[in-house]
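A.B. asks: here is a sequence with its predicted model. Questions after.
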Amino acid sequence: MSNSNPYKTKAYIALTTTSIIWGTTWVGSKAAVHFGMPGLEVSFVRQFIAGSIFLAYFLFSGESLPTLKQFGWLLLLAICNFVFANGLSTWSLKYVSSGLAALIGALYPLCVVIIELLFFNKRNYNLLTLAGLLVGIAGVLFVLYENAFHEQPVGYGFGILLGLIGMVSWSFGTILIARNKYQMNPYYAMGWQMFLASFMIFGLAKTVQVPLLGIHEIPLQAWLAIAYLIGVGSLITFIAFVYTVRYLPPALSSVYAYINPLVAMLAGYWVLGEPLSVNLFFGAIITLAGVYLVNFSLKK
C-alpha cells in the first residue's frame with residue numbers, strides 16, 4: 001500500500017496540471033489569433049511542430065512505420081481530431097471568446113450520445129441521460145440567449161458554427177477510437193495524427209483562402225503563444241493526462257473536462273480582457289452540470 005501512495009499523489013498533481021493547463025490553451029490559441037495570426041495557421045504550425053517532435057522521438061527510439069491499415073485509421077482520426085476539431089475550433093477564436101469556445105468543446109459527451117442514438121442505434125441510455133442532455137442544451141441556449149442582448153463582433157454566428165462543427169468532429173473521433181483498436185503506442189499515434197493533420201489544415205487554409213502570414217511576418221507574441229501551446233499544451237499536459245488515467249479511477253480522471261471551460265473563461269478575462277458576466281458563468285455551470293449527468297449515467 002505504501003508504494004502506491006507516491007504514485008497517487010503525483011496523479012493528483014497531474015490531474016490538477018491537466019485541468020488548468022488545457023483550459024489555458026484556449027487562451028493561448030486566442031492570444032496568437034489576437035496578435036494577428038490566422039487561426040488555421042496557428043493550428044497547422046502547432047500540429048506540425050508538436051507532431052514532428054513526437055515522431056522524431058519514437059522513430060529514433062526504434063518504432064516501426066505504421067502498416068497500411070494503421071495509416072488509414074491514423075489519417076481518418078487526424079481529420080476528425082485535429083483538422084476539424086482543432087483546426088476549426090482555433091479558427092472560431094477569431095469570432096468568439098476563448099471561454100465560449102471551450103464551453104462548446106465541452107459539449108462533446110452530449111454529442112456522442114446523440115450520434116450513437118442516430119447512427120449506431122445504441123439504446124442503453126436512461127432517463128438520467130436524457131435529463132443530462134436537456135440540462136446541457138438548456139445551459140448552452142442560456143449562454144447564447146444572454147449573448148444575444150450584447151453587441152457581438154462581425155462573424156459571431158460563423159464562429160459558433162465553426163466551434164460546433166469542431167465539437168461534432170471530435171465526438172466522431174472519440175467514437176472511432178473507442179470502436180477500433182489499431183494497436184499502436186498512443187503517443188506515437190498522436191504524433192502521426194498531428195503531423196498528417198498539419199498538411200491538411202494548411203491545404204484547408206489555402207482552399208478557403210485564409211490569408212496566411214509568412215514566417216518572418218508572425219509577431220513575437222504569437223510565436224510565444226505557439227511555444228506555450230506546443231511545449232506545455234501538447235507535450236507536458238498529454239504526459240500528465242496519461243499519468244492521471246493510469247493511476248486514478250476514470251470517473252476522477254475525467255474531472256478535467258468540467259474545469260477546462262471555467263479556467264478558459266477566467267484566464268480569458270484576466271489575460272485578454274474578455275467579457276465575463278454572471279449570466280455567462282451561470283450558463284456554463286448549467287451546461288457542465290448536464291455534461292456531468294450524462295457521463296454519470298453512462299458510467300452507471
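C.D. replies: Everything's here; your move.
A.B. asks: going forward, measure contacts between C-alpha atoms and count neighbours the same way
C.D. replies: Will do.
A.B. asks: which parts of the stretch 51-200 of the chain are strands?
C.D. replies: Counting by DSSP state E, counting those that start in this stretch, the stretch 51-200 of the chain has no strands to list.
A.B. asks: run through it and note the low-pLDDT ranges.
C.D. replies: Residues of the stretch 51-200 of the chain meeting the criterion pLDDT under 70: 122-124, 146-153, 180-181.
A.B. asks: please enumerate the helices of it.
C.D. replies: Under the criterion DSSP state H, counting those that start in this stretch, the stretch 51-200 of the chain contains helices at 68-78, 89-92, 98-105, 108-119, 127-147, 156-179, 186-207.
A.B. asks: so which of the ones you listed gets nearest Thr17?
C.D. replies: helix 98-105 (16.9 Å; Cα to Cα).
A.B. asks: could you export the closest one as PDB, CA atoms only?
C.D. replies: C-alpha atoms of helix 98-105 as PDB (Å, rounded to 0.1, in the frame of the first residue of the first chain):
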ATOM      1  CA  SER A  98     -11.900  31.500 -25.600                       C
ATOM      2  CA  GLY A  99     -14.300  30.700 -22.800                       C
ATOM      3  CA  LEU A 100     -17.300  30.300 -25.100                       C
ATOM      4  CA  ALA A 101     -15.200  28.200 -27.500                       C
ATOM      5  CA  ALA A 102     -14.100  25.900 -24.600                       C
ATOM      6  CA  LEU A 103     -17.700  25.600 -23.400                       C
ATOM      7  CA  ILE A 104     -18.800  24.500 -26.900                       C
ATOM      8  CA  GLY A 105     -15.900  22.000 -27.000                       C
END
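A.B. asks: reformat the helices of the stretch 51-200 of the chain as CSV; add distance to Tyr12 and mean neighbour count.
C.D. replies: Shown next, in CSV, are the helices of the stretch 51-200 of the chain (distance: least, Cα to Cα, whole Å; neighbours: other Cα atoms under 10 Å):
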stretch, distance to Tyr12, mean neighbour count
helix 68-78, 29, 18
helix 89-92, 29, 28
helix 98-105, 23, 27
helix 108-119, 23, 18
helix 127-147, 27, 18
helix 156-179, 24, 20
helix 186-207, 21, 21
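A.B. asks: mind naming the longest helix for this structure?
C.D. replies: As assigned by DSSP state H, the longest helix anywhere in the chain is helix 4-34.
A.B. asks: which parts of it are buried?
C.D. replies: 7-8, 11-12, 14-34 (16 or more other Cα atoms under 10 Å).
A.B. asks: can you list contacts of stretch 132-139?
C.D. replies: 107, 110, 283-294 (Cα atoms under 8 Å, 6 or more residues apart in numbering).
A.B. asks: alpha carbons only: can I get it in PDB?
C.D. replies: In PDB, the C-alpha atoms belonging to stretch 132-139 read as follows (Å, rounded to 0.1, in the frame of the first residue of the first chain):
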ATOM      1  CA  GLY A 132     -28.400  15.500 -18.700                       C
ATOM      2  CA  LEU A 133     -28.900  16.200 -22.400                       C
ATOM      3  CA  LEU A 134     -31.700  18.600 -21.700                       C
ATOM      4  CA  VAL A 135     -29.800  20.400 -19.000                       C
ATOM      5  CA  GLY A 136     -26.700  20.700 -21.100                       C
ATOM      6  CA  ILE A 137     -28.600  22.000 -24.100                       C
ATOM      7  CA  ALA A 138     -30.500  24.400 -21.900                       C
ATOM      8  CA  GLY A 139     -27.200  25.800 -20.500                       C
END
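A.B. asks: let's have the helices of the stretch 51-200 of the chain in a markdown table, adding distance to Val232.
C.D. replies: Listed next are the helices of the stretch 51-200 of the chain as a markdown table, based on distance: least, Cα to Cα, whole Å:
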| stretch | distance to Val232 |
| --- | --- |
| helix 68-78 | 21 |
| helix 89-92 | 17 |
| helix 98-105 | 18 |
| helix 108-119 | 23 |
| helix 127-147 | 29 |
| helix 156-179 | 21 |
| helix 186-207 | 15 |
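A.B. asks: I'd guessed Met167 sits against Ala102; true?
C.D. replies: No: in this structure, Met167 is not within contact of Ala102 by Cα atoms under 8 Å, at 9.8 Å.
A.B. asks: residues in contact with Trp187?
C.D. replies: Small correction: residue 187 is Tyr, not Trp. Phe54.
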